[in-house]
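S.K.: sequence first, then the predicted structure:
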Amino acid sequence: MAIGVRLDDLLHERRMTLTELAEKVDLTLANLSILKTGKARAIRFSTLDAICRALSCQPGDLLQFEEGGDSSD
């Protein structure tokens with residue numbers, strides 16, 4: 001996929017676990033894990049908003065375009 005997810009990096013920087021984030025944004029650990037591993041095909045704006053609020057970040061801090069990524073994935 002041409003869009004990379006930096007959730008793991010942000011969690012590490014903020015010394016927060018995926019479980020703690022799941023509780024803060026009221027999402028299942030499984031859904032956040034799918035996002036964290038880059039296997040998600042889409043993300044709702046409401047989910048992105050909740051994650052950005054919980055991590056005090058901008059959407060661009062969480063998502064990045066990866067040159068040469070396979071967009072057909």
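M.R.: Arrived safely, thanks for sending. Numbers count the residues shown, from 1 in each chain.

S.K.: would you map the helices across the chain?
M.R.: All helices of the chain, identified by DSSP state H, fall at 7-13, 18-25, 29-36, 45-55, 59-62.

S.K.: save these as a markdown table, and put in mean neighbour count too.
M.R.: C-beta: built from backbone N, CA, C; applies to glycine. Shown next, in a markdown table, are those (neighbours: other CB atoms under 10 Å):
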| stretch | mean neighbour count |
| --- | --- |
| helix 7-13 | 15 |
| helix 18-25 | 15 |
| helix 29-36 | 15 |
| helix 45-55 | 15 |
| helix 59-62 | 14 |
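
S.K.: possible to save these as a markdown table with distance to G68?
M.R.: Written out in a markdown table, the entries for those read as follows (distance: least, CB to CB, whole Å):
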| stretch | distance to G68 |
| --- | --- |
| helix 7-13 | 20 |
| helix 18-25 | 28 |
| helix 29-36 | 22 |
| helix 45-55 | 24 |
| helix 59-62 | 19 |
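
S.K.: and the ones you listed as a markdown table, adding mean pLDDT?
M.R.: Formatted as a markdown table, the helices of the chain follow (pLDDT from 0 to 100):
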| stretch | mean pLDDT |
| --- | --- |
| helix 7-13 | 96 |
| helix 18-25 | 97 |
| helix 29-36 | 96 |
| helix 45-55 | 97 |
| helix 59-62 | 97 |
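
S.K.: thanks a lot, see you next time.
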